[in-house]
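> here you go, sequence then predicted model.
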Amino acid sequence: MLTLGQAAKETRLSKPTLSKAIQKGRLSAVKNDLGHFEIDPAELFRVYPTNSNKAGNLEQQNTTGLKGQIEVLRELISQLENERNDLRNERDHWRRQATALLPPPMPHRRWWPFRKG
């Protein structure tokens, strides 16, 4: 036997919804000595069947869709890494060319040319 709270968790419905179903006679339940409802699981699932099959199919569809998205993102990452490497190579080429065009360094001049020290 399930309590009203346990039945609510099993069916993912609220306790007031189940309580109203009991009061309207859609769901049969027995009150225990403390005045709490006890619901037979077979009765509960007769009135509120579980959607485990639907949930499983939905989860499988989501997983398949996510796997496809992961593959697309991996391809995009690969393309971006290739572009980054190409840009780095191009930058290094231009840096070497600019360094080759620099004039040779000038010799160090003393600030006080008349002072030898």
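That came in fine, so what should we check first?

> I'd like the average pLDDT over the host helix or strand of Lys20.
Using DSSP states H and E, Lys20 maps to helix 15-24. Across helix 15-24, the average pLDDT comes to 89.

> and that helix, C-alpha only, in CSV?
C-alpha atoms of helix 15-24 as CSV (Å, rounded to 0.1, in the frame of the first residue of the first chain):
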residue,chain,number,x,y,z
LYS,A,15,-1.2,15.2,-3.6
PRO,A,16,-4.3,17.4,-4.0
THR,A,17,-4.9,15.9,-7.5
LEU,A,18,-4.8,12.4,-6.1
SER,A,19,-7.0,13.5,-3.1
LYS,A,20,-9.6,14.9,-5.4
ALA,A,21,-9.6,11.7,-7.5
ILE,A,22,-10.2,9.7,-4.3
GLN,A,23,-13.1,12.1,-3.2
LYS,A,24,-14.7,11.9,-6.7
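
> please shift the residue numbers so they start at 655 in all later answers.
Sure thing, new numbering starts at 655, so read that last one as helix 669-678.

> in it, what's buried?
For helix 669-678, the neighbour count (16 or more other CB atoms under 10 Å) marks Leu672, Ser673, Ala675, Ile676 as buried. Using the backbone N, CA and C atoms, a C-beta is placed for each residue, glycine as well.

> CSV for these, including distance to Ala661?
Rendered in CSV, the data for the buried residues of helix 669-678 read as follows (distance: CB to CB, whole Å):
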residue, distance to Ala661
Leu672, 6
Ser673, 10
Ala675, 10
Ile676, 10
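
> now flag whichever of these is closest to Arg750.
Leu672 (76.6 Å; CB to CB).

> quick one, what contacts the closest one?
Leu658, Ala661, Ala662, Thr665, Leu681, Ile693 (CB atoms under 8 Å, 6 or more residues apart in numbering).

> inside helices: which ones of these?
Leu658, Ala661, Ala662, Thr665 (DSSP state H).
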